[in-house]
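Student: got a predicted structure plus its sequence, pasted below:
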Amino acid sequence: MKIDLYQEIALKRDFPEYHLHQGDIATLIDYVPHPANGEEGAILEVFNALGTSITVVTVPISSIDVIQPDDILSVRRLAQAS
């Protein structure tokens, strides 16, 4: 099932290179084909808890999922690379 654009999604796995964790919420803003015929990508915009955009990332489409009615939001600090 392809998720509609501009929907909030949850990450299904960690992305340490972006300081993102499984369960983090982002907005799906576009799909992009893989340059070498691999898995399609999802372009995500990540916001902080106050609604300010903090980054845009591309992840494999298999690593995102729709938010379910029984999901619970939480807050964590964004760890910056040293």
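Tutor: Nice, thanks for sending it over.

Student: now the strands for the chain?
Tutor: According to DSSP state E, the chain carries its strands in the segments 8-11, 25-32, 41-47, 53-60, 64-66.

Student: and residue 78, which of those strands is closest to it?
Tutor: Of all the strands of the chain, strand 53-60 sits nearest to residue 78, with 7.1 Å by C-beta to C-beta. All C-beta atoms are positioned from the backbone trio N, CA, C, and that covers glycine.

Student: and the closest one, which residues are buried?
Tutor: Within strand 53-60, the residues scored as buried using 16 or more other C-beta atoms under 10 Å are 57, 59.

Student: dump it to CSV, keeping only the CA atoms.
Tutor: Extracted in CSV, the C-alpha atoms of strand 53-60 (Å, rounded to 0.1, in the frame of the first residue of the first chain):
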residue,chain,number,x,y,z
SER,A,53,11.1,22.0,10.2
ILE,A,54,14.5,20.7,11.1
THR,A,55,15.6,18.5,8.2
VAL,A,56,14.6,16.8,4.9
VAL,A,57,15.8,13.2,4.4
THR,A,58,15.4,10.4,1.9
VAL,A,59,14.9,6.8,3.2
PRO,A,60,13.8,3.5,1.6
